[in-house]
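**Q** sharing a model that was predicted from the sequence below.
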Amino acid sequence: MDARQRRSRENLRRAILGLAALTPASDILASEVASVAKVNRSTFYDHASSPTALLEDVLREELDALRAEFLSEVPPEGAAAAIAGVTRSVLEHIDAHRAIYLLGLDENSGPASLHPMLAGHFEASIRLLVKRGTIRYESTAPGGAGTLQEEFRAEMAVRMIADGSVGAILAWLQLPAAQPATVDEFLELYGELLPSWFPFAA
């Protein structure tokens, strides 16, 4: 990407973040984003297929950078601290874009829902750590390690943590203004809800 493309990308990033804080991404037109970003409509389509896709790309870039920062090289003994660190940073990212996530995670967000994107981020992070052997799923239920049943349990566990995390975050975002919960308070409660086999040091 050359300097001109990078400038256009940055202008589009700022434009979509500003617009999506006010309006669900599915209600935003490509021409609106292009106008705010001061680029041609064709330039917009060089970067994304739709405003919803652009918003997801922009947010995912930030989330992926956090994963790379905290989880690139994590030994098993450092898993709990690393997971807590990246979770805190993801929460700070979400808090910085609170208006966008409130609209995007709402049950009425429809095709502009950010739930699949955010759950996918958590799922990818967990799978990365499982693949490296940094964390291991441990079940006390019948069925030996390596069996199909055990693999199915592990798959269920990964998806429940990923989707459950998004549900917990939405509950946090929707707290009444008179009852704000800090990131620290969220992390403490979140740690209590996680299964005992999942390493986490709030």
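**A** Perfect, thanks for sending it.
**Q** could I get the full set of helices for this protein?
**A** Counting by DSSP state H, one finds helices in the chain at the ranges 3-20, 30-37, 41-47, 51-71, 79-96, 98-105, 115-131, 148-173, 183-193.
**Q** what helices and strands are in contact with the last one?
**A** Helix 183-193 sits against helix 79-96, helix 148-173, with contacts defined as 3 or more CB pairs under 8 Å, 6 or more residues apart in numbering; DSSP states H and E. (Glycine included, C-beta is placed from N, CA and C.)
**Q** among the helices of the chain, which comes closest to residue 138?
**A** Checking these against residue 138 by CB to CB gives helix 148-173 as the closest, at 9.4 Å.
**Q** quick check: angle from the closest one to helix 115-131?
**A** Interaxial angle of helix 148-173 relative to helix 115-131 (axes from the mean of the first three to the mean of the last three CA atoms, to 10 degrees): 130 degrees.
**Q** for this structure, name the helix or strand with the lowest mean pLDDT.
**A** Least confident helix or strand of the chain, by mean pLDDT, DSSP states H and E, is helix 148-173 with a mean of 90.
**Q** okay, buried residues for that one please.
**A** Across helix 148-173, burial judged by 16 or more other CB atoms under 10 Å covers 150, 153-154, 157-158, 161-163, 165-166, 169-170, 172-173.
**Q** in TSV: the helices and strands packed on helix 183-193, plus distance to residue 119.
**A** Converted to TSV, the helices and strands packed on helix 183-193 look like this (distance: least, CB to CB, whole Å):
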stretch	distance to residue 119
helix 79-96	12
helix 148-173	5
